[in-house]
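Colleague: model this:
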Amino acid sequence: MNVSNGPTQMNHNPGIAAAEAVDQDRLWQRHMEMAKIGAIPGNGVNRQALTKEDITARKLFFSWAKASGFSIGLDAIGNIFVRRHGRDPDAAPVVTGSHMDSQLSGGRFDGIYGVLAGLEVLEALDRAGAETERPIDVVAWTNEEGGRFAPGAMGSMVFTESRPLDECLGIADPQGVVLADALAETLAATPEAEKRPFNFPIAAYIETHIEQGPVLEAKGLPIGIVTSIQGSRWFEIEIRGESAHAGTTPLKARRDAVQGAVAAISALNTLMDDPTDTVRFTVGRIVAVPNSPNTVASRVSFTIDLRHPEGTVLTDLGDKVEATCRNAVTRCDVEVREVFNRQPCVFDPNVLATIEGSAAALNLLAMRMPSGAFHDAMFMNEICPSGMIFVPCEKGISHNPAENASPSDLAAGVRVLAMTVFKLANS
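Modeller: Model (predicted):
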């Protein structure tokens with residue numbers, strides 16, 4: 001159900017009133033305005049973390065939050081916090097949100113939906129006159145995607161003190177720009193925000209996101225209640241050989257880094273073979289040096305993204321990556337670096353029950369389901385009760401300019417979020 005911009009008639013249940021105050025048209029229009037920032041052909045976006053496009057998006061988000069009278073905070077890694085104050089200013093807040101950065105060739109809804117959903121909830125609560133005991137924060141996490149500065153989920157990782165900020169500042173992007181410099185530029189662009197500390201007390205965390213998979217659409221359901229997130233391990237592999245002339249150097253005399261990388265990837269494919277098709281193994285980035293058509297490559301680096309819902313399987317396969325590469329590569333040197341390791345997480349049962357009850361109260365069909373993709377919620381789950389809400393995306397396509405979601409599905413997720421947040425902020 002869409003609403004106008006006029007006053008909302010008060011429902012006897014303030015949580016339902018807030019859900020009914022969600023403005024589907026405004027929510028959609030804001031997505032379309034954000035999608036103009038870093039727009040690429042095919043309705044996609046390239047808005048990587050701590051770029052000029054990211055700064056522009058942050059300023060637009062700030063303008064909307066300020067216009068509604070909410071306070072704005074920033075921490076030292078650039079995580080944004082927009083606050084609607086509660087009756088008890090000292091109470092630990094309920095936090096909702098996601099991220100604003102995208103993949104190099106990303107879609108219009110991944111991440112940004114959760115941020116705009118949170119802002120719409122704050123405004124819907126105002127429109128409904130629904131007071132909460134606790135404050136409510138909308139967070140936009142820095143560098144969730146990890147496409148420019150690896151690893152991903154860096155903002156939530158640093159916030160929860162799972163990784164020190166100092167360890168991240170020297171990380172460089174593929175062009176050699178270090179995170180410290182990009183972060184300083186981003187923070188300087190929004191000097192009016194209040195400073196927030198890391199790991200301040202939080203009562204609960206809820207993240208709303210497109211599913212990035214086909215399950216909800218296939219079942220015709222508008223709401224997914226995320227029970228868990230499968231674990232992830234990321235590796236960077238470097239094969240070092242020797243440059244040589246492609247026309248004069250015999251094959252048996254070469255130390256060809258490309259052929260070494262091919263052998264390593266082939267062996268890894270054998271290692272990861274899984275009859276149940278549960279293992280997720282991806283070689284996502286390959287860089288060859290000197291990358292010339294008539295020169296034998298001296299160096300090849302590639303990335304591995306390994307995921308599995310069972311911690312024991314994830315550990316076993318990940319621990320075999322280095323030996324598999326070394327055994328497969330006979331003429332080149334091999335270096336294996338693990339850059340990310342996160343075991344599977346299971347979300348708080350009380351938070352899941354609250355989401356489920358909110359969907360039922362709003363007559364929205366829902367199902368419990370795991371998440372194959374990792375999200376900032378997996379780090380927040382370590383410091384406070386957490387959960388996630390999924391909404392369908394067309395054909396399950398994500399990390400792709402063709403990524404799409406319907407206005408009604410996006411609004412349905414925000415309505416469930418509004419009621420859930422209201423309940424948690426009054427518990």
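Colleague: run through the protein and note the low-pLDDT ranges.
Modeller: Residue ranges of the chain with pLDDT under 70: 1-11.
Colleague: mind redoing it with 80?
Modeller: Residues of the chain that meet the criterion pLDDT under 80 lie in 1-12.
Colleague: please parse it into its domains.
Modeller: Domain assignment for the chain by automatic domain parsing gives 14-230+344-425, 232-342.
Colleague: tell me which of these sits most buried.
Modeller: A comparison of the domains of the chain by mean neighbour count, using mean count of other Cβ atoms under 10 Å, puts domain 14-230+344-425 on top with a mean of 21. (Each C-beta comes from the backbone N, C-alpha and C, glycine too.)
Colleague: that one spans what distance, first to last residue?
Modeller: Start-to-end span of domain 14-230+344-425 (Cα to Cα, to the nearest Å) is 12 Å.
Colleague: kindly report the same for stretch 400-413.
Modeller: First-to-last residue span, stretch 400-413, Cα to Cα: 22 Å.
Colleague: now it: how far from the chain's centre is it?
Modeller: With Cα atoms, centre = their mean, to the nearest Å as the basis, stretch 400-413 stands 16 Å off its chain's centre.
Colleague: which residues are contacting that stretch?
Modeller: For stretch 400-413, the external contacting residues (Cβ atoms under 8 Å, 6 or more residues apart in numbering) are 2, 22, 24-25, 27-28, 31, 40-45, 105-110, 113, 117, 208, 210, 222-223, 362, 364, 389-395, 397.
Colleague: ok, 7 Å please
Modeller: With contact meaning Cβ atoms under 7 Å, 6 or more residues apart in numbering, stretch 400-413 is reached by 22, 24, 27-28, 40-44, 105, 107-110, 113, 117, 208, 210, 222-223, 364, 389, 391-394, 397.
Colleague: before we move on, what about stretch 267-280?
Modeller: By Cβ under 7 Å, 6+ apart, the residues outside stretch 267-280 that reach it are 281, 307-309, 317, 320-321, 324, 327-328, 372.
Colleague: and the nearest residue to R148 once chain neighbours are set aside, how far from S102?
Modeller: Nearest residue to R148 in three dimensions, chain neighbours excluded: Q48, at 4.3 Å (Cβ to Cβ, 6 or more residues apart in numbering). Separation of Q48 from S102 (Cβ to Cβ, to the nearest Å) stands at 7 Å.
Colleague: next up, phi/psi of the residue nearest to R148, please.
Modeller: phi -80, psi 160 (degrees, to the nearest 10).
Colleague: and the gap between it and A418?
Modeller: Separation of Q48 from A418 (Cβ to Cβ): 30 Å.
Colleague: same thing with K59?
Modeller: Relative to A418, K59 is positioned 26 Å away (Cβ to Cβ).
Colleague: one more: D126?
Modeller: Distance of D126 to A418, computed by Cβ to Cβ: 11 Å.
Colleague: G15 versus the residue located most distally from the centre of the chain, what's the distance?
Modeller: For the chain, the C-alpha farthest from the mean C-alpha position belongs to T248; by Cα atoms, centre = their mean, that distance is 48.1 Å. From T248 across to G15, the span is 75 Å (Cβ to Cβ).
Colleague: what's the answer for R163, then?
Modeller: Separation of R163 from G15 (Cβ to Cβ): 36 Å.
Colleague: among the contacts of stretch 267-280, which lie within strands?
Modeller: Members of these lying in strands (criterion: DSSP state E): 281, 307-308.
Colleague: out of these, who's nearest K66?
Modeller: R307 (38.9 Å; Cβ to Cβ).
Colleague: quick one: contacts for the closest one?
Modeller: By Cβ under 7 Å, 6+ apart, the contact list for R307 reads 230-232, 280, 372.
Colleague: likewise P309?
Modeller: Taking Cβ under 7 Å, 6+ apart, we find P309 in contact with 230, 278, 344, 370.
Colleague: all set now, cheers.
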